[in-house]
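sharing a sequence plus its predicted fold:
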Amino acid sequence: MRVGDARSLSPADRQAAAALYWLAFGSKLAKVMGPEKKALAFIERVLDPAHVLLARDRNDAVLGLVGFRTARGAFVGGGLADLSAVYGRFGGLWRAACLRLLAQDIAAEGIVVDGLSVLAKARGQGIGAALLEALCAEAAARGHRSVRLEVVEENLRARALYERRGFVVQARRSSRLTRWLFEFGGFWVMVRDL
């Protein structure tokens, strides 16, 4: 396995990255971003290869990814025009309003994790940890002082991984609206200083 940046993604890589992102977040985003076919089309359309690190096997197949946000962009960004192109004008409008609830401020001194996902068949091999370490190295190389992430309360396995990699809980946030729309009510804000 090797981990590296993905400055340019082939069409197959874009499709694999979108599928991995949906694998990690589809259950939470389904009410707002569904149906799945359209969600994948949107993610594939907007994903930015300058904001993702990929883990690949010997045959160059994508095993996992860690996407991130900075003041300059996000792995899965896009705007109303992108949403409207996939979901239509009305569908794009209400989805944009809902997704705004998930948008958090970008710390000027850090990078924010925009998604970490590993194929089920590749879990337990240290790929998630390797991706986090590569992201921390990338953040330091870019002059950032920290990496921040948010993990839903119910995802104890992910929180344990982040704690083993040096992330510390800074705050807990919750919202009844996110519980209804995205099926999670609370999440932990975790930070690793570099």
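All right, it came through fine. Numbers count the residues shown, from 1 in each chain.

contact partners of the helix or strand hosting Ala130?
Using DSSP states H and E, Ala130 falls within helix 127-141. Helix 127-141 is contacted from outside by 1, 3-5, 53, 55, 63-66, 68, 110-111, 113, 116, 118, 146-147, 161-162, 164-165, 192, 194, using CB atoms under 8 Å, 6 or more residues apart in numbering. All C-beta spots, glycine's among them, are computed from the backbone N, C-alpha and C.

buried ones from the residues you listed, can you make that a PyMOL selection?
Burial among these is assessed by 16 or more other CB atoms under 10 Å; the matching PyMOL selection reads:
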select buried, resi 3+53+55+63+64+65+66+68+110+111+113+116+118+146+147+161+162+165+192+194
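
looking at the contacts of helix 127-141, which are in strands?
Members of the contacts of helix 127-141 lying in strands (criterion: DSSP state E): 3-5, 53, 55, 63-66, 68, 110-111, 113, 116, 118, 146-147, 192.

mind listing what's buried in stretch 24-31?
Across stretch 24-31, burial judged by 16+ other CB under 10 Å covers Ala24, Phe25, Gly26, Lys28, Leu29.

how long is stretch 26-43 from one end to the other?
With CA to CA, to the nearest Å as the measure, stretch 26-43 spans 11 Å from end to end.

how far does it sit from its chain's centre?
Put simply, stretch 26-43 sits 14 Å off its chain's centre (CA atoms, centre = their mean, to the nearest Å).

mean confidence for that stretch?
The predicted model gives stretch 26-43 an average pLDDT of 91.
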